[in-house]
Every structure is written in structure tokens, then in C-alpha cells.
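In: Give the three-dimensional model of this entry:
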Amino acid sequence: MYSQIYEKYRRWARVTKATMRITHKPGEAEPAYIFVAVLPCSWYNYAEVCSNMKVENWLLCHVHAFNCFGGIPRLLIPDNCKTAVSKNTRYETVLNKSYQDLAEHYNVAIVPARVRKSDDKSAEEDPVRFVSTWITASLRDRKFFTVGEARQAVAENLEELNRRPFKKRPGCCLSVFEQEEKEFLDPLYTYEPSVWLHRKVGYDYLLSDGVNNFDLIGEKVDVRLTKHIVNP
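Out: This next block holds a predicted model:
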């Protein structure tokens with residue numbers, strides 16, 4: 001009937017002519033983070049820009065810093081951040097499991113600074129603050145469209161900073177590092193960062209090592225993830 005055709009057409013037209021207003025934000029900015037590592041004897045610095053400070057980036061920044069230094073320090077004193085420390089109290093310090101793997105691989109001790117105890121890393125606090133201020137001040141008027149562009153700019157400024165002459169002693173960070181500190185670093189080892197997850201095995205999953213299958217449905221397991229390997 002004509003009335004039914006009209007009613008159905010009216011419903012169809014109402015749906016097909018629907019529109020949605022899209023708001024475009026001009027010049028939307030994304031946050032970035034600066035990882036800074038400093039050797040306390042020479043004040044030789046490493047800095048890197050990251051899109052986030054999740055565990056994987058945190059570990060990679062350490063690897064890149066060690067590669068820059070050409071060796072491994074005997075002790076790391078990180079901030080009391082969640083990517084480094086799971087628990088840090090007066091009586092107990094528990095490192096993030098992935099961070100602990102890095103420490104065991106490189107045979108380096110990790111002693112996180114206590115909460116609100118800047119004296120625990122007083123030798124590094126001033127140079128870290130100086131490097132952060134130097135980099136952000138030198139780049140404050142520049143615009144970057146990718147993290148890669150910002151990372152390259154930081155690397156260029158970092159090289160200039162490490163070659164900047166000291167005011168109260170001869171040389172610079174780079175020269176003192178090469179002459180007095182580099183030889184005391186331990187040799188480098190190849191390392192692939194891994195991230196640990198604690199998950200419950202779903203009803204549609206089966207774990208296998210390539211030969212044997214493990215029925216762990218409903219069980220909670222720790223899973224180690226690298227770029228190429230998954231280890232339950």
C-alpha cells in the first residue's frame with residue numbers, strides 16, 4: 001500500500017541522510033619524555049627522547065646508554081619510578097621483574113633511590129637536572145613532527161654538551177670520560193629487552209613449546225615477551 005511504502009521510505013531516508021559533525025583540532029601536540037643517564041665521575045651524559053616511559057622503552061634506553069658509554073657501570077641508581085621498582089619501603093626493595101632481568105644479564109647492581117631521599121643520588125642529581133634543563137631550553141623554540149626528529153635534535157645537543165669545556169677544571173665531560181672512567185666499565189653484552197606479564201590463560205588458548213602442549217586453561221601464568229620470543 002502507498003502508506004506503507006511512504007513510511008518505509010521515510011525511515012530509510014532518515015537513516016541514509018544521517019550526518020556526524022567531526023571536529024578537527026589544529027596543531028594537536030603529543031607528550032614526550034626525556035631519559036637521562038649520567039656517569040658521576042666524568043659527568044658524561046646520555047639522553048634520549050621517548051614517546052612514553054613504559055617498561056620496554058625504559059629497558060631500551062638503558063641498552064642505548066650502555067652502547068653510548070661503550071661499557072656497563074657496576075651500579076645503577078634509578079629514580080623510584082614504577083617502571084623500575086615494584087615496591088620500595090624502609091625494609092624491602094622489589095625491582096620490576098623485567099628490570100631485574102636486565103640487571104642479571106649485565107651483572108650490574110641496582111639500588112633505587114628511596115622516596116623523597118635525593119641524597120641517595122646526590123652525585124647525579126645536579127648533572128641530570130642540568131642536562132634536562134640544557135636540552136629543553138635549547139629546543140624550546142623548535143617544532144618536531146615525529147619523535148625521531150626530536151631524538152635526533154637531542155643527540156646533536158648532547159654531543160655539544162659533552163664537549164663543552166669545564167669552567168673550574170681542564171677538559172670536558174668527553175675527555176675526562178675517555179681518560180679516567182671508560183676503562184673501569186665492564187664489557188658490553190648483547191641483550192634483548194623482555195617484558196613480563198602476569199595473565200590468566202583463556203578457555204580458547206593452548207600453550208606449547210613446539211613439541212609438547214600444556215593444558216593450562218584457567219591457570220595464571222607469567223609470560224616473558226621479547227621482540228621475537230614468547231616464553232610462558
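In: Can you give me the pLDDT of the nearest residue to Q179 once chain neighbours are set aside?
Out: The shortest distance from Q179 to any non-neighbouring residue, by Cβ to Cβ, 6 or more residues apart in numbering, is to G171 (7.6 Å). From N, CA and C alone the C-beta is placed, and that goes for glycine too. Per-residue confidence at G171 stands at 92 (pLDDT).
In: Correct me if wrong: G171 contacts R164.
Out: No. The criterion here is Cβ atoms under 8 Å, and G171 misses it with R164 at 10.5 Å.
In: ok so, going back, distance of the residue nearest to Q179 from I135?
Out: Using Cβ to Cβ, to the nearest Å, G171 is found at 22 Å from I135.
In: How about V49?
Out: 9 Å.
In: Give me the common contacts of those two.
Out: Taking Cβ atoms under 8 Å, 6 or more residues apart in numbering as the contact criterion, the common neighbours of V49 and I135 are I34, V154.
In: got the contact list for I34?
Out: The neighbours of I34, taking Cβ under 8 Å, 6+ apart as the test, are A47, E48, V49, C50, S132, I135, T136, V154.
In: number of nearby residues for the residue nearest to Q179?
Out: Applying other Cβ atoms under 10 Å, we find 14 other residues in the vicinity of G171.
In: can you check the one 5 residues further on too?
Out: By the measure other Cβ under 10 Å, the count of residues near V176 is 20.
In: My read is that it contacts Y44, right?
Out: Yes. Counting by Cβ under 8 Å, a contact exists between V176 and Y44, whose distance comes to 7.4 Å.
In: Wait, A109 touches R74, no?
Out: Yes. Contact between A109 and R74 holds when scored by Cβ under 8 Å: they sit 6.6 Å apart.
In: quick one: low-confidence ranges for this protein?
Out: Judged against pLDDT under 70, the low-scoring parts of the chain cover residues 13-28, 114-126, 202-217, 227-232.
In: Would you show me how to pick out the buried ones of the contacts of I34 in PyMOL?
Out: In PyMOL, the members of these classed as buried (16 or more other Cβ atoms under 10 Å) are selected with the following command:
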select buried, resi 47+48+49+50+135+154
